[in-house]
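**Student:** quick one, structure for this:
(chains A and B)
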Amino acid sequence: MAYDEMYFPNHTPRAHYAPYATWLAQEPPERLERKRAEADAVFHRLGITFAVYGDVEGGERLIPYDPLPRILPAADWQRLEAGLKQRIRALNAFLADIYGEQAIVKAGVIPPEQVFANSQYRPEMQGFLPPGGVYAHIAGIDIVRADEGRFYVLEDNLRVPSGVSYMLEDRRMSMRLFPELFSRYRVAPVEHYPDRLLDTLRSLAPEEVTQPTVVVLTPGQFNSAYFEHAYLSRQMGAELVEGRDLFVQDDQVFMRTTQGPRRVDVIYRRVDDDFLDPLVFRPDSALGVPGLFAAYQAGGVVLANAPGTGIADDKSIYPYVPDMIRFYLGENALLDNVPTWQCRRPDDLAYVLDHLPELVVKETHGSGGYGMLVGPTASRNEVEAFRERLIAHPDTYIAQPTLALSTCPVFVESGIAPRHIDLRPFVLSGKKEVQVVPGGLTRVALRAGSLVVNSSQGGGTKDTWVLESTSLESDIVEGDA
Amino acid sequence: MLSRTADHLYWLARYVERAENTARLMDVTTRMAMLPQTPALTEQNWGAVLSTTGLSLPYLKRHGGLHPAAVLHFMALDGDNPSSLLSVVRSARENAHAVRGALTAEMWESLNSTWLDLKAMGDEHLEGDLLPRFFDWVKSRALLFRGITEATLLRDEAWQFIELGRHVERADNTARLVDVKYHILLPSADEVGGAGDYYQWGALLKAVSAFENYRKVYRDALTPLRVAELLLLNADLPRSLHACLNAVQAAIHGLAPNGEAARQAGDLHAHLHFARIDLIFSDGLHEWLDDVLARLSTLHGQIGREFLLPAPQPEYA
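**Tutor:** Residues are numbered from 1 along each chain as shown, chains lettered A, B, ... in the order given. Purely as a prediction, here's the structure:
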């Protein structure tokens, strides 16, 4: 029986959900259905869509918005926030170390082959320290809740994490559909995220640039997250550029404008490392800007996130994050990792092969819920097929116990039913401060029993309410396990 | 502003304007077809719908003869015809999608929902009493988009490029429309129209929302000379060639007042400003319009070179 965010096992609502439960009990299902249809229509009209690769005509579809909010008490959030900030500090310290003196490897905490034989390690970055020593300026950390409500970090996303636009639009939608609930609850606002993002990006520009020009670099309108790129650029008042809009001259970056070339100081890039600069990374890429990396290393422009962050969020590095926190910060991790077997270790592999039907096995470089095995829901054939791949390439897999992810009530065809959820808060790291907007994107596995919440796999989203600490103070202790 | 963004905005505006013009022309042609007229004239009027957009050949290749229902489908909902309403709205929406950051949320929302609705429409909207409603809908969506743009968009470069695209397209459309219709109705300058011509000239005016305006300006019967004067030279009629060039000139002036595009626009504007309709007719309306269209096309090319095309790539060792 998974932990439910709203109800105790005896189906009485948890204290922070009690006012909501009272409201929900008086809400006719038809009205909820109407609200959901309204949300769909608005999202569709606004074009808040998700482009699907390989789908030419349909092209875009909605990420379903669930009208029932996911509510987090203030104390839960405070713990999460402290843990997230700690984790990001350690991950950024790890990146600076790996591309610097490599103390953590020399100290024997992380085996060198785990880092240097990893395709996510970028030798081009060796010896280069980005402004302020920060590599991952924007991070999305996937959090799940299991057992009796304990939080675990499932995954760090330090390359080009997406989803923050859904956090913002879901909130806007809830406020539009259910204004009355916002008088019953003091929900911490999230609308200032773009403002904080812009501040963070501007803080990265060289001191002497008083009015830095920030741009958002997108692969283009057929990218699955294009909506978000356009959305953030509009919210920040930053130009949305494609590679072909930029050029490099004398290690400075310019955009082509109707009034001639204009200098660019900071690039919030939503293009993967591989496609940034055909002169350094993939030569066949048409998305990037020739000479961009050289300009970056010469200090002519700042890239956020820095190239090479993938080495810190790779699933084969993930098991070492608690060690990193101890190594760099001298602290114990405030947020737990999910116990992980590294299949490259013979003992771990043997255990994993013996327990395949109970485990979740993931490709170390995979993302988006592709290339993974969820043992308990897989067919016998799928398990056996996976076993062969695992034996053939054990190095590229890790395994974890199948967590009973927490559930939250979701409005589905058959009414209101529990579905598994996760949470992706977004952490911003500037030159000086690390901050987290209270909330994040709650993703929902819409199929009953499914543990896969990724939007590319038919997941939905929920608005995430972090309660202000002043109200409902008494209700939030039971999450502690 | 990014040159690429300017390019998308310019074309976005052109496509929205084109959709409205196409709907207007088809609307009056449908209404004309209900009047008693010779089959030859009916055919010519439907042919004009195709020839103003330069689509006679592709249409005939596909459909053979001029059948009203086929022309309607071809020009309204045929996704393979790049100038059909469906394709034009799709192009407008694609250009908007590429520069969403430069549009207001309301502009995007309006255009996107127009596209979604239009995409869902079938041929039943091109029949019976649904047909006039269909044209009204297209016109009102175009007008709504313009109103939203007017009411929400910052008056910066984005606005200028939208103005520019809209009026270059409109000028082009008005010039072509007058050219094609005069060719049908007045094959030579000496010809005097019969009684039925009242409706023909009236239809031409209605295609550009100028029928009532004609009455206001002239308070007199419809004559070919005055209709042409109103549509080409009257600066107060929003869809006249002269009014379009006023707007084009103003937009370019706001962008680069000393450039070559500004010079060409000013030159063409002066040409219209000081023209006289009797002289145009005595020299030949068709020749005059041909010249104006050619200059308009040169100006369009200059706008592209000056603002929309990216500067040449710098060299890399």
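
**Student:** residue ranges in chain B under the pLDDT threshold?
**Tutor:** B:187-196, B:310-317 (pLDDT under 70).

**Student:** and it, which of its residues are near chain A?
**Tutor:** B:1-6, B:94, B:97-102, B:105, B:108-109, B:112-113, B:116, B:157, B:161, B:255, B:307-308, B:310-311, B:313-314, B:316 (CB under 8 Å from any CB of the partner chain). Placement of C-beta: from N, CA and C, glycine included.

**Student:** from those residues, keep the buried residues only.
**Tutor:** B:1-6, B:97-102, B:108-109, B:112-113, B:157, B:161, B:255, B:307-308 (16 or more other CB atoms under 10 Å in any protein chain shown).

**Student:** I'd like the list of those that fall within helices, please.
**Tutor:** Cross-referencing those against helices under DSSP state H gives B:3-6, B:97-98, B:108-109, B:112-113, B:157, B:161, B:255.

**Student:** ok, so of the residues you listed, who is nearest A:Ser469?
**Tutor:** B:Glu109 (36.8 Å; CB to CB).

**Student:** contact partners for that closest one?
**Tutor:** For B:Glu109, the contact set (CB atoms under 8 Å, 6 or more residues apart in numbering or on different chains) comprises A:45-47.

**Student:** can we see that at 10 Å?
**Tutor:** A:42, A:44-47, B:103, B:148 (CB atoms under 10 Å, 6 or more residues apart in numbering or on different chains).

**Student:** sitting in helices, which of those do you find?
**Tutor:** Counting by DSSP H, those contribute A:42, A:44-46, B:148 to helices.

**Student:** can you put the residues you listed in CSV and add distance to A:Tyr397?
**Tutor:** Output for those, formatted as CSV (distance: CB to CB, whole Å):
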residue, distance to A:Tyr397
A:Val42, 42
A:His44, 39
A:Arg45, 43
A:Leu46, 40
B:Ile148, 53
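
**Student:** using PyMOL, define a selection of the buried residues within those residues.
**Tutor:** Of the ones in helices among the contacts of B:Glu109, the buried ones can be selected in PyMOL as follows, counting by 16+ other CB under 10 Å:
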select buried, (chain A and resi 42+44+46) or (chain B and resi 148)
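
**Student:** report the secondary structure element holding residue 199.
**Tutor:** Reading this off chain A. According to DSSP states H and E, A:Asp199 maps onto helix A:193-202.

**Student:** try chain B instead
**Tutor:** Using DSSP H and E, B:Tyr199 falls in helix B:197-207.

**Student:** only C-alpha atoms, please: export that helix in CSV.
**Tutor:** Output of helix B:197-207 as CSV, limited to C-alpha atoms (Å, rounded to 0.1, in the frame of the first residue of the first chain):
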residue,chain,number,x,y,z
ASP,B,197,-22.6,46.2,-64.8
TYR,B,198,-24.0,48.0,-61.8
TYR,B,199,-23.8,44.7,-60.0
GLN,B,200,-20.4,43.9,-61.4
TRP,B,201,-18.9,47.2,-60.3
GLY,B,202,-20.8,46.9,-57.0
ALA,B,203,-19.3,43.5,-56.4
LEU,B,204,-15.8,44.7,-57.0
LEU,B,205,-16.4,47.5,-54.4
LYS,B,206,-17.9,45.1,-52.0
ALA,B,207,-14.8,42.8,-52.3
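
**Student:** in that helix, which residues are buried?
**Tutor:** B:197, B:199-207.

**Student:** considering those residues, which is situated nearest to chain A?
**Tutor:** Chain A lies nearest to B:Ala207 out of those, by CB to the nearest CB, at 30.9 Å.

**Student:** for that closest one, which non-adjacent residue is closest in space?
**Tutor:** B:Val28 (4.5 Å; CB to CB, 6 or more residues apart in numbering or on different chains).
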